[in-house]
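>>> curious how this folds, go ahead:
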Amino acid sequence: MSYQVLARKWRPKSFGTLVGQEHVVRALSHALATGRLHHAYLFTGTRGVGKTTISRILAKALNCETGITAEPCGVCDACRAIDADRFPDYVEMDAASNRGVEDMAALLDKAVYAPVQGRYKVYMIDEVHMLTGHAFNAMLKTLEEPPEHVKFILATTDPQKIPVTVLSRCLQFNLKQMPPGHIVEHLTRVLEAEAVPFEAGALRHLAKAAGGSMRDALSLLDQAIAHGAGKVEEEQVTHMLGTVGDDHLYAVLDALAAGDVSGLLAVADGMEARSLSFDAALQSLASLLTRLALAQFAPAAVDDEAERQRLAPHIAHFDAEYLQLAYQIAIHGRDELALAPDEYSGFTMTLLRLHAFRPEQPPALGSPAAEGGGGGVARALPMGGAPARPAPVPPVATPAAPAATAFTPVVPTGAAVEVLATATAVAAPLPMASAAKEPTVAKPVAAPAADSAPVAAPAAPRPQSDIPPWEALPPEAMLDDADMVPSGRMDDEPVFMEPAPAAAPPIQRAASPTPSPAAAEPAADEAAADAPASSAAAEAALAARDWRSLLRALGVGGLVRELGQHCEWAACDGEVLSLRLSSTHKHLFEMNRGAVERLQEQLFSVLGRPMRLRIDIGAIEGETPAQRDEIERRVRHAAAVAALESDPFVRELIERFDATLVEESVKPL
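As a prediction, this is how the structure comes out:
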């Protein structure tokens, strides 16, 4: 006896064995049970969802010898003849090959005659949308008012091409695609009945490849049995389909959770060795991330118990925000495969992007992970939740620390105290008001001689209530950290201060922004006095081995200052000053070797004696000026954020309007 394929052998013979179309079965069963039979039915849906099968079951229900019933016996002559496709009163017509008006006219001429054997003549027209317009017009009248013994069943995969005049004359049923779970259950029953050993994972791959078609699933099952020599195993099925197995996808998740880049690359290499599709791999990875997100938010949505158990360990490894980002990276990486040099490169870069965008916390400056200017990753945050926001850090309690903000800061606890201790241990003492920049601060102007031109008198002091808050601040609070120049003063605007031996006088503005000719002489004297003051500050910094203060006393800028900012003090032997530059920033030295000569010339100009400068490339052992500046900036920023968070007005905005403080936008004063 010849072999019969599974798709035909296991075609449902009754409504009770039909899979996945319960809404259609319910409507037809009630109509058959109550005798409310329509003369024309239209079944729509993709291939392999049961359109022809339902039409045959309906034909048996109408012509069963036991009577019109929703449960045909399947053993009478009419039922067996319809199953064997030899019942004279059941006609299946393929509209793709019989689409002309002549073919339709011949069918309608036979419809007027009474049935030969059955109770009804049933005409099933498959792919009815292929009929021509004239053929549709020819059947309209008969379709609307057919003889009592005629029933029309139309089936199509494209109902949009059917004229509305035909649609309005039929009862339309939309057949759904088969869910993968229904397909797996049906294939399981088939394999158990056929006594074929199988693995559950292999059936999930077959159900996914079927694309909602039960006929395609049974055809693939036939192929899998032949490919596996009578067994259906997951590895053999993935080889047959050329798809990426679940082991590869879960290996990607394991490597991402562990931060193992070599593990990610091993997955890509293994897929390349087996010539697997990288496009299908990214599609499957996006699908897996979707199911993982569903398992987090709605565990009941994952109906497969085995898959739910396999996803459970990964739910705690990834937070919800990262899963959304990973899903976008996967689908965009799939779109960019065509733009990549090759698919392997595109897939590898997508995996590296998934690793690079994991939530992580950068290292603190001065730590071993940030050696050479920083930029490395200190540690990965736990993947089980959203990255924790750093606790606010109060300002360092040193006399030279600038005012962070006008609000009152809160006292942090826990991790914030540890961060503060680390920052102060590296940064203290902070010579923010070093002598190197003292000449740039406005100094009292000596009274002119009696015979000299009169000097512009300072403006009369205003009442305290009229002074703006920024002018009422102490002079230290108005100094800009970058160049230690009063922030409220223009470069060409003279500053007058009343001499006071005990306390520093407040800064006052002149009545006119343009200096008088008489005021030019004291200003020139003040500028001339800058040179010895800078030299004294440089000598003091040199004696204290403070490269940061010495660099500020030199007053260099541009690439020269940038090079000096990333160097640290190494040694000073007589007239040779040795600095150490991190290998991370050695490009500053290689790109502009003339910067060393200019820095050495500035040393000679300020110190007044020859000084040879030497810069070595190596690991930073202490602290560079750039690192110190960054620590101070972070401390001031943390203090400003803490002050804002503790402000009653800001807290009221957050509590009442569900506002959010954008910490990146906070700028300390």
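>>> drop to CA atoms for contacts and neighbour counts, all remaining ones
Noted.
>>> tell me which element Arg633 is part of?
Assigned by DSSP states H and E, Arg633 belongs to helix 625-646.
>>> what comes up buried for that helix?
Buried residues in helix 625-646, counted by 16 or more other CA atoms under 10 Å: 625-629, 631-646.
>>> average model confidence for that helix?
Mean pLDDT, helix 625-646: 89.
>>> following it, which helix or strand comes up?
Next element after helix 625-646 (DSSP H and E): helix 648-657.
>>> which other residues reach that following helix?
For helix 648-657, the external contacting residues (CA atoms under 8 Å, 6 or more residues apart in numbering) are Leu644, Glu645, Ala659, Thr660, Leu661.
>>> closest to Glu305 among these?
Thr660 (40.4 Å; CA to CA).
>>> state the pLDDT value of the closest residue to the closest one other than its chain neighbours.
Nearest non-adjacent residue to Thr660, counting by CA to CA, 6 or more residues apart in numbering: Ile654, 6.3 Å away. pLDDT recorded at Ile654 is 86.
>>> for Ile654, grab the count of nearby residues.
By other CA atoms under 10 Å, the residues close to Ile654 number 14.
>>> against Leu661, how distant is it?
8 Å (CA to CA, to the nearest Å).
>>> let's test this: mean pLDDT of stretch 41-48, rounded?
93.
>>> whoops, I mixed them up, stretch 3-21
For stretch 3-21, mean pLDDT rounds to 88.
>>> for Asp89, see how far away the most centrally placed residue in the chain is.
Nearest to the geometric centre of the chain sits Leu325, at 2.0 Å (CA atoms, centre = their mean). Leu325 sits 60 Å away from Asp89, going by CA to CA.
>>> please apply the same query to Tyr344.
Going from Tyr344 to Asp89 by CA to CA gives 59 Å.
>>> which of these two has more residues huddled nearby?
Asp89 (22 against 18).
>>> next, work out how far apart that one and Thr69 are.
Asp89 sits 18 Å away from Thr69, going by CA to CA.
>>> next: Thr350.
Taking CA to CA, one finds Thr350 at 58 Å from Thr69.
>>> cool, Pro313 as well?
For Pro313, the distance to Thr69 - CA to CA - is 51 Å.
>>> helices along the stretch 551-669 of the chain, start to end?
558-565, 587-591, 594-607, 625-646, 648-657 (DSSP state H, counting those that start in this stretch).
>>> what's the third one packed up against?
To tie it back to what came earlier, the one meant is helix 594-607. The helices and strands touching helix 594-607, judged by 3 or more CA pairs under 8 Å, 6 or more residues apart in numbering; DSSP states H and E, are helix 517-543, helix 547-554, helix 558-565, strand 612-618.
>>> gap between it and the chain center?
How far helix 594-607 lies from its chain's middle: 49 Å, per CA atoms, centre = their mean, to the nearest Å.
>>> one more: the second one?
How far helix 587-591 lies from its chain's middle: 36 Å, per CA atoms, centre = their mean.
>>> and what of the first one?
When C-alpha coordinates are averaged (CA atoms, centre = their mean), helix 558-565 and its chain have centres 37 Å apart.
>>> residues in contact with it?
With CA under 8 Å, 6+ apart as the criterion, helix 558-565 contacts Arg548, Leu551, Leu588, Phe589, Asn592, Ala595, Val596, Arg598, Leu599, Thr624, Pro625, Ala626.
>>> how much space separates the last one from Val261?
What that stands for is Ala626. 31 Å.
>>> kindly report the same for the fifth one.
Here Asn592 is placed at a distance of 36 Å from Val261 (CA to CA).
>>> over to the third one?
Counting by CA to CA, the gap between Leu588 and Val261 amounts to 31 Å.
>>> more neighbours: which of those two?
Ranked by neighbour count (other CA under 10 Å), Leu588 and Val261 place Leu588 first, with 18 against 15.
>>> contacting residues for the more buried one?
Leu588 sits next to Leu559, Glu562, Leu563 when contact means CA under 8 Å, 6+ apart.
>>> if you set the cut-off to 10 Å instead, what comes out?
By CA atoms under 10 Å, 6 or more residues apart in numbering, the contact set of Leu588 is Leu559, Val560, Glu562, Leu563, Gly564, His566, Leu581, Ala595.
>>> same check, this time on Val232
For Val232, the contact set (CA under 10 Å, 6+ apart) comprises 191, 196-203, 221-226.
>>> from those, list the buried ones, please.
Buried subset of the contacts of Val232 (neighbour count, 16+ other CA under 10 Å): Leu191, Phe198, Gly201, Ala202, Leu203, Leu221, Asp222, Gln223, Ala224, Ile225.
>>> still on that earlier bit, quick one: the residue nearest to the centre of the chain and Gly333 touch, right?
No. Contact criterion CA atoms under 10 Å: Leu325 and Gly333 do not qualify, at 12.0 Å.
>>> residue ranges in the stretch 451-600 of the chain under the pLDDT threshold?
451-533 (pLDDT under 70).
>>> break this structure down into its domains, please.
For the chain, automatic domain parsing gives the domain ranges 6-174, 180-241, 246-356, 435-444+463-530.
>>> just to revisit the earlier point, among the buried ones among the contacts of Val232, which are located in helices?
Among the buried ones among the contacts of Val232, the residues falling in helices (DSSP state H) are Leu191, Gly201, Ala202, Leu203, Leu221, Asp222, Gln223, Ala224, Ile225.
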